[in-house]
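In: Generate coordinates for the sequence data below:
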Amino acid sequence: MIKLSQFRLAAVALALTAWLPLQANAGLLDDDEARKAILDLRAKVDALARDINARVDTKADKSIGVDMLNQHEQTMQEISRLRGQVEVLANEIANVQKNQKDLYADLDARVKKLEPRQETIDGQTAEVLPSEKKTYDGAMDLFKSGDYKAAAGALQEFVRRFPDSAYAANAQYWLGNAYYAQRDYKNAIAAQEAVVANYGTSAKAPDAMLNIASSYTELKDKKNAKKALQQLVSKFPDSAAAQAAKDRLAALK
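Out: Residues are numbered from 1 along each chain as shown. This next block holds a predicted model:
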């Protein structure tokens, strides 16, 4: 039946192909000529239909039908195989997309680790790189543990690496305290003088000047101790350190 339908469609197409030019040129033919042409066309179509039907009924055409069924089966198998390949490719694409998504997420996380963060330092908000904070916190952990020698080295390295960091003034200040804790008063004075000179607007500057006076006191240098206290009161009169300096100055009289 499949073969028959295909042949019939071919016959119809042939008939239409022959009929359309006749229609287009109908105005050029008289009635008798047009009628004769149509009768001839019908005869040709009928003859073609009889020939097709006869061929379908023969053994040869039946074998052709079997061949067509076999080809159809092979085609379906090929389509099935191709569908399997498409499924494999779709799965691979999905895996690639997932890996790319994971890669982008990991990259985004890594980038965020490198981005500055908002930190509050001595009441002031500042942007600090994660590496700065990690290095500073590590140095302060050493100081808090009582390992002042290691803390001094870590704090000094921090100031060298991050001189413009929002933590730099604090690191310099605690470096002076690390020296003071080791009774290295000369280096303690130098470290605290660096706070005043380089970070004069920092909240740590008044305390640094008070520690300078304390270091001079430990060195039995009363003159410079008094001078440091007087400078502190003059420069930062409203600070808590200035009030402590006034009390010490009163005791020195």
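
In: Show me the helices in the chain, by range?
Out: 2-24, 31-57, 59-114, 130-145, 148-161, 168-181, 185-198, 205-218, 222-235, 240-252 (DSSP state H).

In: Out of those, which gets the lowest mean score?
Out: Note on these: helix 2-24 shows the lowest mean pLDDT, a mean of 44.

In: nearest spatial neighbour of A152, skipping sequence neighbours?
Out: Leaving aside its chain neighbours, A152 sits nearest to A178 (4.0 Å; criterion: Cβ to Cβ, 6 or more residues apart in numbering). C-betas here are computed from N, CA, C, even on glycine.

In: Please read off the pLDDT at the residue nearest to D122 when sequence neighbours are not counted from the model.
Out: Nearest residue to D122 in three dimensions, chain neighbours excluded: A203, at 4.0 Å (Cβ to Cβ, 6+ apart). Note on A203: pLDDT of 94.

In: ok, K222 - contacts?
Out: By Cβ atoms under 8 Å, 6 or more residues apart in numbering, the contact set of K222 is Y216, L252.

In: Does A139 touch A171 like I think?
Out: Yes. Counting by Cβ atoms under 8 Å, A171 is a contact partner of A139 at 6.8 Å.

In: what touches both of the two?
Out: Residues touching both A139 and A171 (Cβ under 8 Å, 6+ apart): L155, F158.

In: So between these two, which is more surrounded?
Out: Per other Cβ atoms under 10 Å, whichever of A139 and A171 has more neighbours is A171, with 28 against 25.

In: circling back: which phi and psi does the residue nearest to D122 have?
Out: phi -70, psi -20 (degrees, to the nearest 10).

In: Give me the residues contacting stretch 190-206.
Out: Contacts made with stretch 190-206 from outside it, assessed by Cβ under 8 Å, 6+ apart, are listed as 122-124, 168-170, 172-173, 175-176, 179, 208-209, 211-212, 215, 232, 235-236, 239-242.

In: change it to 6 Å
Out: Residues from elsewhere that reach stretch 190-206 (Cβ atoms under 6 Å, 6 or more residues apart in numbering): 122, 169-170, 172-173, 175-176, 179, 208, 211-212, 236, 239, 241.

In: Could you do stretch 229-241 as well?
Out: Contact partners of stretch 229-241, identified using Cβ under 6 Å, 6+ apart, comprise P206, D207, M209, L210, A213, A242, A245, R248, L249.

In: ok, the last one to K222 distance?
Out: Summarising the geometry, the distance separating L249 from K222, computed by Cβ to Cβ, to the nearest Å, is 11 Å.

In: and if you look at the fourth one?
Out: For L210, the distance to K222 under the criterion Cβ to Cβ works out to 16 Å.

In: ok, now the fifth one?
Out: Taking Cβ to Cβ as the measure, A213 falls 10 Å from K222.

In: With the first one instead?
Out: According to Cβ to Cβ, P206 stands 21 Å off from K222.

In: cool, the second one as well?
Out: Distance of D207 to K222, given as Cβ to Cβ: 21 Å.

In: rewinding a little: are any of the contacts of stretch 190-206 buried, and if so which?
Out: In the contacts of stretch 190-206, burial by neighbour count holds for 169-170, 172-173, 175-176, 179, 208, 211-212, 236, 239, 241, counting by 16 or more other Cβ atoms under 10 Å.
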